[in-house]
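Undergrad: what would the 3D arrangement of this be:
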Amino acid sequence: MPNDDPRASLPDPAPAPAPVTGAPEATSSGSFRAAFSSMTRLRTEVLAGLVVALALIPEAIAFSIIAGVDPRIGLFAAFTMAVTISFVGGRPAMISAATGAVALVVAPVVRDHGLDYLVATVILGGVIQVVLGVLGVARLMRFIPRSVMVGFVNALAILIFSSQLPHLQGVPVAVYPMVVAGVAIIVLFPRLTKVVPAPLVAIVLLTLVTVAASIAVPTVGDEGALPESLPTLLLPDVPLNLETLQIIAPYALAMALVGLIESLLTAKLVDDITDTHSNKTRESWGQGVANVVTGFFGGMGGCAMIGQTMINVKASGARTRLSTFLAGVLLLILVVGLGDVVAIMPMAALVAVMIMVSVGTFDWHSVRPSTLRRMPKSETAVMLSTVVVTVATHNLAYGVVVGVVVAAILFLQRVAHLTTVTRLDASDEDDERVYAVSGELFFASSNDLVYQFDYAGDPHHVVVDMSDTHVWDASTVAALDAVQHKYAQHGKTVEFRGLDPDSLARLDRLAGELGAAH
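TA: Numbering: from 1, shown residues only. Next comes the predicted model:
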């Protein structure tokens, strides 16, 4: 399936006001009021929220098992996260709930210290996210290159697909034709009408067939017990001392960082799909507020969910905060008020939905042979490193960090080789030797600078023209000091000319002050 959407464009700096031209501001076009602008829009938002709520139930239960807590903890977290972020988030229509990445981070806390410490960890993690959001951590999005974004999307698609494989192993034979039928409905039904989301049609039809024909297949109820009451306020029963902080702080910090990375990347992806601009700073501290609320209601914490967000935005066409709000509310209504009905839904229907989400999420254009031939090998290496690490660790944050590091190393290596030193005067009998340096001078490119001059053969006065370069760091100043020192050892002088004001100020401030170690 070709994927030529603009999701692979470089991330815009954030936070930033809505641009004067280009993408409109999502916070206004995606408001609750916008959902009531027409009956068509309202119907789309309501049905999208229902589809997402149905898809959230087995996911929340599965993530609860990963974290080692009762399924109700994950379901309550999905409810409180979705409802809270619908009001305080910066990216309308994005779905936040309990996630696998956060579950993996907090699982050791539950295993070693119990549920109360988990709740305390979630609350502290939310506070850290609020602080990081206010400090402008969203601005770091500008340092995530296109190739990492492509790797993030592709790894995400692979993880969504692989997470469905357990539901296809060791199951009755009837599951397989039901999954195929579900995929066929999702693909073909939009050709008839788009009034009702195709994933919802697939879920309803397969459920009716299963019940009517009494087909014995795994159901949502087999995944775990559904709650029978509403979530209540919970204060963690932990000592308020330094020892408790030492226990929960590392996990809270990891949870905060993982949640922010996934949420901001997901927000950027939705921006590209919808051609709107979201408030990344608001989304950052909004995630923190949602986690604090979730913690006080005994939830396991969470962040943006890319799979459910794709169902909401791409498969169902939602664009406003109402769909996110209803996803949380309808989830609670379904599991508490209609638990018996939800329990009989076949897992095969939800597996079909998630398979199509993974197919639609993958950037097929990025792996076409024609694209790979044109793409620089360094870009492909960054994308592959992001995918491999993410799939191997099942943690999108780790993959993104590794991808950014690999991209930075390859970029520095490439830029370092662009720095050249050229001799300008042609005669060896001149009383003055002139060299010209071009390219950017920083720690990676200036290391070999000292070996580019003929200290013994040059005349008594040497001029280095630096009008086509820039001195970026102390390593370069130390290299220039070394050049000057070597000429002095031969009784010669060297003059650096043409420095721009910033480079000259750095050289005047640091020259001769760095010592031999530098």
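Undergrad: which parts of the stretch 51-200 of the chain are strands?
TA: Along the stretch 51-200 of the chain, counting by DSSP state E, counting those that start in this stretch, strands occupy 96-97.
Undergrad: next one: the chain
TA: Using DSSP state E, the strands of the chain run over residues 96-97, 303-304, 420-423, 432-441, 461-471, 493-497.
Undergrad: mean pLDDT and distance to residue 268 added to those, as TSV?
TA: Heads up, the C-betas are built off the backbone N, CA and C, glycines and all. Below are those laid out as TSV (pLDDT from 0 to 100; distance: least, Cβ to Cβ, whole Å):
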stretch	mean pLDDT	distance to residue 268
strand 96-97	94	15
strand 303-304	94	11
strand 420-423	87	37
strand 432-441	89	28
strand 461-471	91	30
strand 493-497	91	43
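Undergrad: pick the most buried one from those.
TA: strand 96-97 (a mean of 34; mean count of other Cβ atoms under 10 Å).
Undergrad: so what are the sheet partners of that one and their directions?
TA: strand 303-304 (antiparallel) (DSSP bridges).
Undergrad: how far is the partner strand from where the chain is centred?
TA: 10 Å (Cα atoms, centre = their mean, to the nearest Å).
Undergrad: ok, stretch 179-199 next?
TA: So, by Cα atoms, centre = their mean, the centroid of stretch 179-199 is 29 Å from its chain's centroid.
Undergrad: list the contacts for residue 80?
TA: By Cβ atoms under 8 Å, 6 or more residues apart in numbering, the contact list for residue 80 reads 231, 290, 293-294, 297, 299, 328.
Undergrad: what's the most distant pair in those?
TA: 231 and 290 (13.8 Å; Cβ to Cβ).
Undergrad: next, the distance between the ends of stretch 331-342.
TA: End-to-end span of stretch 331-342 (Cα to Cα, to the nearest Å): 10 Å.
Undergrad: ditto for stretch 326-338
TA: For stretch 326-338, the end-to-end distance is 15 Å (Cα to Cα).
Undergrad: buried stuff in that stretch?
TA: Buried positions in stretch 326-338, judged by neighbour count with 16 or more other Cβ atoms under 10 Å: 326-336.
Undergrad: can I get the strands of the chain in JSON lines including distance to residue 113?
TA: Formatted as JSON lines, the strands of the chain follow (distance: least, Cβ to Cβ, whole Å):
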{"stretch": "strand 96-97", "distance to residue 113": "24"}
{"stretch": "strand 303-304", "distance to residue 113": "22"}
{"stretch": "strand 420-423", "distance to residue 113": "59"}
{"stretch": "strand 432-441", "distance to residue 113": "50"}
{"stretch": "strand 461-471", "distance to residue 113": "52"}
{"stretch": "strand 493-497", "distance to residue 113": "60"}
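Undergrad: among the ones you listed, which comes closest to residue 509?
TA: Closest among the strands of the chain, using Cβ to Cβ: strand 461-471, at 10.8 Å.
Undergrad: parallel or antiparallel, list what pairs with that closest one.
TA: Counting by DSSP bridges, strand 461-471 is paired with strand 432-441 (parallel), strand 493-497 (parallel).
Undergrad: so can I have TSV of those strands showing distance to residue 243?
TA: Shown next, in TSV, are these (distance: least, Cβ to Cβ, whole Å):
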stretch	distance to residue 243
strand 432-441	49
strand 493-497	57
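Undergrad: out of those strands, which gets nearest to residue 91?
TA: strand 432-441 (35.7 Å).
Undergrad: who touches the closest one?
TA: Contact partners of strand 432-441, identified using Cβ under 8 Å, 6+ apart, comprise 415, 418-425, 445, 449, 452-454, 458-459, 461-466, 468-472, 476, 479.
Undergrad: which residues does residue 41 contact?
TA: 34-35, 319-320.
Undergrad: and the two most separated of those residues?
TA: Most distant of the contacts of residue 41, by Cβ to Cβ, are 35 and 319, 8.3 Å apart.
Undergrad: now list whatever residues contact both of those two.
TA: 41, 45.
Undergrad: give the rounded mean pLDDT of stretch 379-393.
TA: Here stretch 379-393 scores 91 as its mean pLDDT.
Undergrad: what's around residue 170, how many residues?
TA: By other Cβ atoms under 10 Å, 8 other residues sit near residue 170.
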